[in-house]
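In: Below are the sequence and a predicted model for it; my questions follow.
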Amino acid sequence: MSSRLGAPERPRSSALVPVGLGQLAASGERGAILSALGLGSCIGLSAYDPVARVAGLVHVMLPDSAIASHAGPPGKYADTAVPALVAALERLGAERARLVCKMAGGAQMFASGGGILNIGARNAIAVRAALTGAGLRLKAADTGGNAGRTLEIQVATGEVRVRSVGREFAPL
Amino acid sequence: MSTDVNAAVRLGALEDLHLDALREVGNIGAGTAATALSQMIGEPVGMSVPRVRVLALEEVPDGVGGAESLVAAVHLRVVGDAPGHILFIAPLEVARNLAGLLLAGMEPGERDEMGLSELERSALQELGNVLTSSYLIALTTLTGLHLEPSPPALGVDMAGALLGTVLAEVSLSTDVALLIETAFEEGGRHAAGDFLFIPTPEALGSVLTRLGVIA
């Protein structure tokens, strides 16, 4: 885990919870920071309940579970990730109506092709659709383009920050 | 029979016989590519003994140096009898150095936020084309399988961001990746990059069958 804490500006003592490909994390621990490192075509989708003070983050890889022959964890697909994120937060006392959702990622990483066609853009569209389907509102998004991103959310405050290579973290 | 191999991969329990055969695949693929690299940069290129690992997909970015580490990667998708992915990944510093060697004193022009100019990116793209194609040709010769490449594509960014796109495709059929990795050393001094060959589970069965290690 130490290599995931490699970003220099983060104090080593902070409880950074890495959320890897297809993974989902939810936490009510005030010191915790949930972080999706190196999002390319993937989407980091965060949700926060400011009353219950619980945060969740899911690292979505693909738009639709129907296209896969292999299921895998619910966090992998936009259509299964959104309900799983809501359920994980509700178990920690969150209420759906209070959830503030933000997302980043969905870039095209290779100059030509490189993986499934337009997968980043399709992921972004699918996450938006899944949020709408679940009755959730997307408060902010930083998607598309050609640059990788890291997204993190602080459980204590619900603050979401995003950065790309060569840029400082900026609030989303 | 390939079902048994798939199960073994899922459990990370491939037999020594299989691992040896896959190391040989890495050896011959990367050996051919090392010769090509040496000719392109005019310096001797050595290589490591290939390492074969089975990793959960979410562990792969950390397994190759960290999700946020800056790299140049060239990706080639293999279609045909043994579908999968071939990647050449070099740390950004190493990639800049390789681009410099390839341009051999030519004026590189204005550099972008990654410290690479258009010309240097073209040089790396070309390098990646040659390396990944050499690897694929060696693999075809070794196994006799019908394999075709997609056009290789260059990406320069965080390793996790680049790998995520490739692993998303891998994850359509499996939650683990079999990595056959070989490291290059240029001039015997610097790390010059890693080769990753990630066969799909079906491809793994085909390759091992052709190599005669599964019936």
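Out: Perfect, thanks for sending it. Residues are numbered from 1 along each chain as shown, chains lettered A, B, ... in the order given.
In: what about residue 140, neighbour count?
Out: Going with chain A. 14 (other Cβ atoms under 10 Å in any protein chain shown). Just so you know, the C-beta spots here come from the backbone N, C-alpha and C atoms, and that holds for glycine as well.
In: Please refer instead to chain B.
Out: If we define neighbours as other Cβ under 10 Å, then residue B:140 has 19 of them.
In: how much space between it and residue B:120?
Out: Distance of residue B:140 to residue B:120, given as Cβ to Cβ, to the nearest Å: 30 Å.
In: Buried residues of stretch A:118-129, list them for me.
Out: Buried residues in stretch A:118-129, counted by 16 or more other Cβ atoms under 10 Å in any protein chain shown: A:119-124, A:126-128.
In: which stretches of chain A form strands?
Out: A:15-18, A:24-27, A:32-39, A:43-49, A:54-60, A:100-105, A:138-143, A:149-154, A:160-164, A:170-171 (DSSP state E).
In: Compile those into a markdown table and extend it with columns for mean pLDDT and distance to residue B:52.
Out: Listed next are the strands of chain A as a markdown table, based on pLDDT from 0 to 100; distance: least, Cβ to Cβ, whole Å:
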| stretch | mean pLDDT | distance to residue B:52 |
| --- | --- | --- |
| strand A:15-18 | 94 | 25 |
| strand A:24-27 | 98 | 30 |
| strand A:32-39 | 96 | 24 |
| strand A:43-49 | 98 | 31 |
| strand A:54-60 | 98 | 26 |
| strand A:100-105 | 98 | 31 |
| strand A:138-143 | 97 | 36 |
| strand A:149-154 | 97 | 30 |
| strand A:160-164 | 96 | 34 |
| strand A:170-171 | 94 | 41 |
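In: ranking these by burial, who's on top?
Out: Mean neighbour count (mean count of other Cβ atoms under 10 Å in any protein chain shown) peaks for strand A:54-60 among the strands of chain A, with a mean of 30.
In: tell me the angle it makes with strand A:43-49.
Out: 160 degrees (axes from the mean of the first three to the mean of the last three Cα atoms, to 10 degrees).
In: Restrict strand A:54-60 to CA atoms and write it as CSV.
Out: The C-alpha coordinates for strand A:54-60 follow below in CSV (Å, rounded to 0.1, in the frame of the first residue of the first chain):
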residue,chain,number,x,y,z
VAL,A,54,-20.4,9.6,4.9
ALA,A,55,-18.6,9.4,1.6
GLY,A,56,-18.4,6.8,-1.2
LEU,A,57,-16.3,6.4,-4.2
VAL,A,58,-16.5,3.9,-7.1
HIS,A,59,-14.0,3.3,-9.9
VAL,A,60,-16.1,2.4,-13.0
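In: all strands for chain B, in order.
Out: B:45-47, B:51-56, B:70-80, B:84-91, B:147-149, B:153-158, B:176-186, B:190-199.
In: now stretch A:141-156, how far from the centre of its chain.
Out: In terms of Cα atoms, centre = their mean, to the nearest Å, the centre of stretch A:141-156 is found 7 Å from the chain centre.
In: ok so, going back, closest to residue A:145 among the buried residues of stretch A:118-129?
Out: residue A:120 (8.8 Å; Cβ to Cβ).
In: Spatially nearest residue to the closest one (excluding sequence neighbours)?
Out: In this structure, residue A:120 finds its nearest non-sequential neighbour in residue A:41, 3.6 Å apart by Cβ to Cβ, 6 or more residues apart in numbering or on different chains.
In: all helices of chain B, in order?
Out: Taking DSSP state H as the criterion, chain B contains helices spanning B:2-10, B:16-41, B:60-63, B:92-103, B:118-143, B:159-170, B:201-210.
In: Out of those, the one nearest chain A is which?
Out: Chain A lies closest to helix B:159-170 among these, at 2.3 Å (Cβ to the nearest Cβ).
In: is any part of the closest one close to chain A?
Out: Yes. Judged by Cβ under 8 Å from any Cβ of the partner chain, helix B:159-170 and chain A are in contact via B:159-169.
In: Dig out what the residue positioned nearest the centre of chain A forms beta bridges with.
Out: Centrality entry for chain A: nearest residue to the mean C-alpha point is residue A:44, 2.1 Å, by Cα atoms, centre = their mean. As for beta bridges, residue A:44 partners with residue A:59, residue A:104 under DSSP bridges.
In: ok, it - contacts?
Out: Residues in contact with residue A:44 (Cβ atoms under 8 Å, 6 or more residues apart in numbering or on different chains) are A:19, A:36, A:57-60, A:103-105, A:149, A:151.
In: which one of the buried residues of stretch A:118-129 sits closest to residue A:24?
Out: residue A:127 (13.3 Å).
In: The residue nearest to the closest one when sequence neighbours are not counted - how many residues pack around it?
Out: Leaving aside its chain neighbours, residue A:127 sits nearest to residue A:78 (4.6 Å; criterion: Cβ to Cβ, 6+ apart). By the criterion of other Cβ under 10 Å, residue A:78 has 27 neighbours.
In: how close does residue A:78 sit to residue A:111?
Out: Applying Cβ to Cβ to residue A:78 and residue A:111 gives a distance of 25 Å.
In: Please apply the same query to residue B:157.
Out: Taking Cβ to Cβ, one finds residue B:157 at 11 Å from residue A:111.
In: So for these two, which sits in the more crowded spot?
Out: Neighbours per residue (other Cβ under 10 Å) separate residue B:157 from residue A:111, with residue B:157 holding more: 25 against 16.
In: Contact partners for residue A:159?
Out: By Cβ under 8 Å, 6+ apart, the neighbours of residue A:159 are A:153, A:171.
In: hang on, the earlier thing: of the strands of chain B, give the one that comes closest to residue B:105.
Out: That would be strand B:176-186 among these, by Cβ to Cβ, at 17.4 Å.
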